[in-house]
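**Student:** I'd like to go over a predicted model; first the sequence, then the structure.
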Amino acid sequence: MNFALNLLARLGSWVRDHVEGVGYSARTFFYMLGVSPGLLRRPRLVIEQLHFIGNYSMLIITLSGLFVGMVLGLQGYYTLNKYGAEQSLGLLVALGLTRELGPVITALLFAGRAGTSLTAEIGLMKAGEQLSAMEMMAVNPVQRVLAPRFWAGVVAVPCLASIFSAVGIFGGYLIGVKLIGVDEGAFWSQMQGGVDIYKDVFNGFVKSVVFGVAITFIALYQGYEARPTPEDVAGATTRTVVISSLMIWWLDFMLTALMFSK
């Protein structure tokens, strides 16, 4: 009996703590949105963070997009060739990248590269009492530190996803047309005729925006709420990758079900 009561008490405490955490994170999110209009007076803060987050992620995004497109072109050709449909290789590569692989893989790479960097940066600022010093000087750290990084991440992820998809299509073109010998006219014409701007490209763009919002806020929140110790800052970076990755896959499923179910 005592064991069952203790188990129930622990379960209730776990649920209460997580509900409290969700509520506090939601309050922080909406508070950050509320103070964001103040950034219109200082757009340089967002531009600096966009350079730090976006430009420094460009290399890994570009190389990954190229190799993913090349693999997709190679595997797609082997599959389509069995049914005599290798002329549709361009359409397969374009749809796979714009709908799914471009936004998802970009988001995962962004979480691993930029997300952990943001968490560590905010966590170290808190451990070094820089955020407390801002509050002592009547500077709002949420507006001055978190909001510029958040909006920079929201802008950066769709841009990086677009670059990933474009480079991936070029990689599929190199493999399919230049290496294997698929007809170049058929490659591009099938792609042009089968890819819809709204259903495919725009929906992929919406996915990347949602991923950018989720990843950037998770990274900033984990760093902002980390205890000012080296161990907890290190744990916060790990939590950023784990939570962001799971959130990306869950959001991807939900958005795909809403966008492409009709």
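**Tutor:** Okay, I see it. Residues are numbered from 1 along each chain as shown.
**Student:** Below-threshold pLDDT in the stretch 1-150 of the chain: ranges please.
**Tutor:** For the stretch 1-150 of the chain, applying pLDDT under 70 flags the ranges 1-3, 17.
**Student:** ok, now with 80
**Tutor:** For the stretch 1-150 of the chain, applying pLDDT under 80 flags the ranges 1-25, 38-40, 135.
**Student:** Do a quick rundown of the helices in it.
**Tutor:** 2-35, 43-54, 58-81, 89-95, 102-110, 116-127, 130-136, 141, 147-173 (DSSP state H, counting those that start in this stretch).
**Student:** out of those, nearest to residue 242?
**Tutor:** For residue 242, the closest of the helices of the stretch 1-150 of the chain is helix 116-127, at 10.9 Å, according to C-beta to C-beta. Bear in mind the C-beta positions are built from the backbone N, C-alpha and C, glycine included.
**Student:** circling back to that earlier point, and residue 257, which of the helices of the stretch 1-150 of the chain is closest to it?
**Tutor:** helix 102-110 (14.6 Å).
**Student:** about what we covered before: using CSV, lay out the helices of the stretch 1-150 of the chain together with distance to residue 213.
**Tutor:** CSV is the format used below for the helices of the stretch 1-150 of the chain (distance: least, C-beta to C-beta, whole Å):
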stretch, distance to residue 213
helix 2-35, 9
helix 43-54, 14
helix 58-81, 18
helix 89-95, 25
helix 102-110, 11
helix 116-127, 14
helix 130-136, 22
helix 141, 20
helix 147-173, 6
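**Student:** Of all those, which one is nearest residue 259?
**Tutor:** Closest of the helices of the stretch 1-150 of the chain to residue 259 is helix 102-110, at 11.3 Å (criterion: C-beta to C-beta).
**Student:** Kindly format the C-alpha coordinates of the closest one as CSV.
**Tutor:** C-alpha atoms of helix 102-110 as CSV (Å, rounded to 0.1, in the frame of the first residue of the first chain):
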residue,chain,number,x,y,z
GLY,A,102,15.1,20.2,-47.1
PRO,A,103,13.2,21.5,-44.1
VAL,A,104,13.7,18.5,-41.8
ILE,A,105,17.5,17.9,-42.3
THR,A,106,18.2,21.6,-42.2
ALA,A,107,16.3,21.9,-38.9
LEU,A,108,18.2,18.9,-37.4
LEU,A,109,21.6,20.4,-38.5
PHE,A,110,20.6,23.8,-37.3
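**Student:** related to what we said a few turns ago, in a markdown table, list the helices of the stretch 1-150 of the chain along with mean neighbour count.
**Tutor:** Shown next, in a markdown table, are the helices of the stretch 1-150 of the chain (neighbours: other C-beta atoms under 10 Å):
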| stretch | mean neighbour count |
| --- | --- |
| helix 2-35 | 11 |
| helix 43-54 | 17 |
| helix 58-81 | 18 |
| helix 89-95 | 25 |
| helix 102-110 | 26 |
| helix 116-127 | 21 |
| helix 130-136 | 14 |
| helix 141 | 18 |
| helix 147-173 | 24 |
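**Student:** I am finished for the moment; much appreciated.
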